[in-house]
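**Q** Okay, here's the prediction I keep looking at, along with the sequence it came from:
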Amino acid sequence: MTRLLEGKTVLVTGASAGIGRAAAIGAARHGADVAINFSRDTAGAEAAVKEIEALGQRGLAVQGDVSDPETATAFVKAATDAFGKVDVFVNNAGICPFHAFLDMPVETFERTMRVNLHGAYFMVQAAANQMVNQGHGGAIIAVSSISALVGGEYQTHYTPTKAGLHSLMQSTAIALGRHGIRCNSVLPGTILTDINKDDLADQEKRDRMAARVPLGRLGEPDDLAGPIVFLASDLAKYVTGASLLVDGGAYVNLQ
Ligand SMILES: NC(=O)C1=CN([C@@H]2O[C@H](COP(=O)(O)OP(=O)(O)OC[C@H]3O[C@@H](n4cnc5c(N)ncnc54)[C@H](OP(=O)(O)O)[C@@H]3O)[C@@H](O)[C@H]2O)C=CC1
Ligand SMILES: C[C@H](O)[C@@H]1OC(=O)[C@H](O)[C@@H]1O
């Protein structure tokens, strides 16, 4: 297999599980050393590092709640101290506590904004400053969502954060282009992870969501690894400010 990230250092937030973990392992498979951020799942983070090391790459897990701005600078510093540089940054950490709109608790709304959007802003800013100081460009990928483009009755607090990530990549692509830093987003469809385990325990909803997918199945975390590695790699050297739907065709499937 051609290794698309040979010698690169890749940072991934929220990589103790799910899409972030798949992205981290995918980067390691393609020759990168990988630093992962996580908040609570120490066992998951340690297992991810072991998997990265088993692939012959260096791995590092750094605990920190991305809603705290200091987590961003601490994560980038820890990774840079360990591996000497930051080449690729994947902003993935996110939550989606489903809740109705009319009685949405203030804390639920604010927590979702702080983790998904504010945290992303600080993380991307910290990574970009390191890349600018290094002087040899880089690639930033935000894990946005199909929900940047469509709504959800129980996601009125969540979908704006995903749209915000999509838009953040468009603006940072402009701000950072002169530094050779590319910024893009992936827009996953419904991917089977912990984030929606409870929601998709409703078999009728799960069947309804799967029925909308032309490829005939809901996604798996590993379905995101390839698209993220592509956007991180030199294969995408002229791609910035772009977004890539990874949804099995769900978005376009009206009838
Ligand atoms: N699954 C899906 O259908 C889709 C997911 N997405 C997006 O993909 C991203 C990953 O979600 P997914 O893998 O599905 O979900 P998971 O719940 O499986 O994973 C979420 C990850 O984020 C971490 N995390 C959560 N909160 C924080 C925090 N405050 N600080 C640091 N890390 C945190 C978790 O680590 P820990 O448990 O250690 O805190 C975990 O590693 C999210 O941004 C989500 O919005 C987008 C479209 C579809
Ligand atoms: C949590 C949802 O099931 C998941 O996350 C998203 O961004 C999309 O709304 C997916 O359905």
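**A** Yep, it's here. Ligands and ions are numbered 1, 2, ... in the order given.
**Q** contacts and neighbour counts: CA atoms only from here.
**A** Noted.
**Q** Tell me the residues of the chain that contact ligand 1?
**A** Neighbours of ligand 1 within the chain, by CA under 6 Å from any ligand atom: 14-20, 38-41, 64-67, 92-95, 115, 143-145, 188-195.
**Q** where do the strands sit along the stretch 101-250 of the chain?
**A** According to DSSP state E, counting those that start in this stretch, the stretch 101-250 of the chain carries its strands in the segments 138-143, 181-188, 243-246.
**Q** looking at the ones you listed, which is closest to ligand 2?
**A** Ligand 2 lies closest to strand 181-188 among the strands of the stretch 101-250 of the chain, at 6.8 Å (CA to the nearest ligand atom).
**Q** what about the helices in the stretch 1-150 of the chain?
**A** Using DSSP state H, counting those that start in this stretch, the helices of the stretch 1-150 of the chain run over 18-29, 42-54, 69-83, 106-113, 119-134.
**Q** Of all those helices, which one is nearest Ala232?
**A** Counting by CA to CA, Ala232 lies closest to helix 18-29 out of those; the figure is 8.8 Å.
**Q** anything in the closest one near ligand 2?
**A** No - using CA under 6 Å from any ligand atom, no contact is recorded between helix 18-29 and ligand 2, whose separation bottoms out at 10.9 Å.
**Q** what helices or strands is that helix leaning on?
**A** In terms of contacts (3 or more CA pairs under 8 Å, 6 or more residues apart in numbering; DSSP states H and E), helix 18-29 is packed against strand 9-12, strand 33-38, helix 42-54, helix 222-232.
**Q** ok, back up a step: could I get the strands of the stretch 101-250 of the chain as JSON lines with mean pLDDT and mean neighbour count?
**A** Listed next are those as JSON lines, based on pLDDT from 0 to 100; neighbours: other CA atoms under 10 Å:
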{"stretch": "strand 138-143", "mean pLDDT": "99", "mean neighbour count": "27"}
{"stretch": "strand 181-188", "mean pLDDT": "99", "mean neighbour count": "27"}
{"stretch": "strand 243-246", "mean pLDDT": "98", "mean neighbour count": "20"}
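**Q** who in this protein is up against ligand 2?
**A** Residues of the chain found near ligand 2, taking CA under 6 Å from any ligand atom as the criterion, are 96, 145-147, 189-190, 195-196.
**Q** Now, of the residues of the chain next to ligand 1, which are buried?
**A** Those of those that meet the buried threshold are 14-20, 38-39, 64-67, 92-95, 115, 143-145, 188-192, 195, by 16 or more other CA atoms under 10 Å.
**Q** Centre of the chain to stretch 184-191, how far?
**A** Relative to its parent chain, stretch 184-191 has a centroid offset of 9 Å by CA atoms, centre = their mean, to the nearest Å.
**Q** Helices along the stretch 151-255 of the chain, start to end?
**A** Under the criterion DSSP H, counting those that start in this stretch, helices of the stretch 151-255 of the chain are mapped to 159-176, 203-211, 222-232.
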